[in-house]
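Novice: Here is my input; please provide its structure:
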Amino acid sequence: MAKRKLIELAHARSGDKGDTSNIGLIARKPEYYPILVREVTAERVKQHFAGVCLGKVERFEVPNLGALNFLLHEALDGGGTLALKADPQGKTYSTALLRMEIDVDQV
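Specialist: So this is what the prediction gives:
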(Lines give C-alpha, C1' and ligand atoms only; values in the text may rest on other atoms or scores of the structure.)
Protein backbone atom coordinates (compact mmCIF):
# COMPACT_ATOMS: atom_id res chain seq x y z
CA MET A 1 0.00 0.00 0.00
CA ALA A 2 1.13 3.50 -0.80
CA LYS A 3 -0.29 6.90 0.12
CA ARG A 4 -1.75 8.78 -2.85
CA LYS A 5 -3.60 12.05 -3.10
CA LEU A 6 -7.12 11.78 -4.45
CA ILE A 7 -6.23 14.09 -7.34
CA GLU A 8 -4.26 11.19 -8.85
CA LEU A 9 -7.39 9.00 -8.94
CA ALA A 10 -10.29 11.41 -9.29
CA HIS A 11 -11.54 14.82 -10.22
CA ALA A 12 -14.18 16.77 -8.33
CA ARG A 13 -16.72 19.58 -8.43
CA SER A 14 -18.36 21.41 -5.57
CA GLY A 15 -21.05 23.92 -4.86
CA ASP A 16 -23.65 24.79 -2.29
CA LYS A 17 -27.22 24.54 -1.14
CA GLY A 18 -27.60 27.02 1.68
CA ASP A 19 -25.30 26.01 4.53
CA THR A 20 -24.47 22.63 2.94
CA SER A 21 -21.52 22.06 0.64
CA ASN A 22 -22.03 19.46 -2.09
CA ILE A 23 -18.91 17.71 -3.45
CA GLY A 24 -18.93 15.26 -6.35
CA LEU A 25 -15.87 12.99 -6.56
CA ILE A 26 -15.50 11.20 -9.91
CA ALA A 27 -13.05 8.37 -10.61
CA ARG A 28 -10.61 9.08 -13.46
CA LYS A 29 -10.79 5.39 -14.51
CA PRO A 30 -13.47 2.76 -13.80
CA GLU A 31 -10.96 0.62 -11.89
CA TYR A 32 -10.39 3.49 -9.42
CA TYR A 33 -14.03 3.62 -8.31
CA PRO A 34 -13.84 0.64 -5.89
CA ILE A 35 -10.79 2.26 -4.27
CA LEU A 36 -12.75 5.48 -3.75
CA VAL A 37 -15.70 3.56 -2.28
CA ARG A 38 -13.38 1.74 0.14
CA GLU A 39 -11.18 4.63 1.19
CA VAL A 40 -13.23 7.83 0.96
CA THR A 41 -15.82 7.33 3.67
CA ALA A 42 -18.10 9.95 5.19
CA GLU A 43 -16.06 9.67 8.40
CA ARG A 44 -12.77 10.31 6.59
CA VAL A 45 -14.23 13.31 4.75
CA LYS A 46 -15.59 14.69 8.04
CA GLN A 47 -12.12 14.31 9.56
CA HIS A 48 -10.50 15.93 6.51
CA PHE A 49 -12.78 18.96 6.88
CA ALA A 50 -12.44 19.20 10.67
CA GLY A 51 -13.06 22.75 11.83
CA VAL A 52 -14.82 23.59 8.55
CA CYS A 53 -17.70 21.12 8.51
CA LEU A 54 -19.56 21.48 11.81
CA GLY A 55 -22.43 19.13 10.96
CA LYS A 56 -22.65 15.61 9.64
CA VAL A 57 -21.26 14.35 6.35
CA GLU A 58 -23.43 12.17 4.13
CA ARG A 59 -22.06 10.02 1.29
CA PHE A 60 -24.01 8.78 -1.71
CA GLU A 61 -22.64 6.24 -4.18
CA VAL A 62 -23.28 6.78 -7.90
CA PRO A 63 -21.75 3.64 -9.43
CA ASN A 64 -23.10 4.18 -12.94
CA LEU A 65 -21.02 7.39 -13.07
CA GLY A 66 -18.10 6.02 -11.04
CA ALA A 67 -18.71 8.78 -8.54
CA LEU A 68 -19.35 9.59 -4.91
CA ASN A 69 -21.37 12.57 -3.75
CA PHE A 70 -20.82 14.15 -0.34
CA LEU A 71 -23.02 16.59 1.55
CA LEU A 72 -21.15 18.55 4.21
CA HIS A 73 -23.80 20.01 6.50
CA GLU A 74 -23.14 23.23 8.41
CA ALA A 75 -20.01 23.90 6.38
CA LEU A 76 -20.62 27.34 4.87
CA ASP A 77 -21.35 29.69 7.80
CA GLY A 78 -24.97 29.99 6.73
CA GLY A 79 -24.41 30.04 2.96
CA GLY A 80 -23.74 32.50 0.17
CA THR A 81 -25.83 35.47 1.27
CA LEU A 82 -25.08 35.15 5.00
CA ALA A 83 -21.47 34.01 5.27
CA LEU A 84 -18.45 36.24 5.70
CA LYS A 85 -16.13 33.48 4.45
CA ALA A 86 -13.96 34.09 1.40
CA ASP A 87 -15.70 31.10 -0.27
CA PRO A 88 -19.32 31.14 0.93
CA GLN A 89 -20.48 28.77 -1.85
CA GLY A 90 -17.81 26.14 -1.13
CA LYS A 91 -16.41 26.21 -4.68
CA THR A 92 -12.89 25.41 -3.43
CA TYR A 93 -14.00 22.44 -1.31
CA SER A 94 -13.53 20.07 -4.24
CA THR A 95 -9.87 21.10 -4.49
CA ALA A 96 -9.48 20.67 -0.74
CA LEU A 97 -10.92 17.13 -0.93
CA LEU A 98 -8.56 16.20 -3.78
CA ARG A 99 -5.65 16.88 -1.41
CA MET A 100 -6.77 14.06 0.91
CA GLU A 101 -4.36 11.13 1.01
CA ILE A 102 -5.64 7.57 0.88
CA ASP A 103 -4.05 4.11 0.91
CA VAL A 104 -3.86 2.60 -2.57
CA ASP A 105 -2.44 -0.60 -4.02
CA GLN A 106 -0.45 -0.10 -7.21
CA VAL A 107 -2.38 1.94 -9.77
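
Novice: Am I right that Ala67 is in contact with Ile26?
Specialist: Yes: taking contacts as C-beta atoms under 8 Å, Ala67 lies within contact range of Ile26: 4.4 Å. The C-beta positions use only the backbone N, C-alpha and C, and glycine is treated the same way.

Novice: tell me which residues in the lowest-mean-pLDDT helix or strand in the chain are buried?
Specialist: Taking mean pLDDT, DSSP states H and E as the measure, strand 10-17 is the helix or strand of the chain with the lowest mean score, a mean of 87. Neighbour-count burial for strand 10-17, with 16 or more other C-beta atoms under 10 Å as criterion, is recorded at 10, 12, 14, 16.

Novice: ok, that strand: who's next to it in the sheet?
Specialist: With DSSP bridges as the test, strand 10-17 is paired with strand 20-27 (antiparallel).

Novice: in the partner strand, what's buried?
Specialist: So strand 20-27, judged by 16+ other C-beta under 10 Å, has buried residues 20-27.

Novice: just those residues now: which is nearest Gln106?
Specialist: Relative to Gln106, the closest of these is Ala27; by C-beta to C-beta it sits at 16.2 Å.

Novice: List the beta-bridge partners for that closest one.
Specialist: Beta-bridge pairing for Ala27 (DSSP bridges): Ala10.
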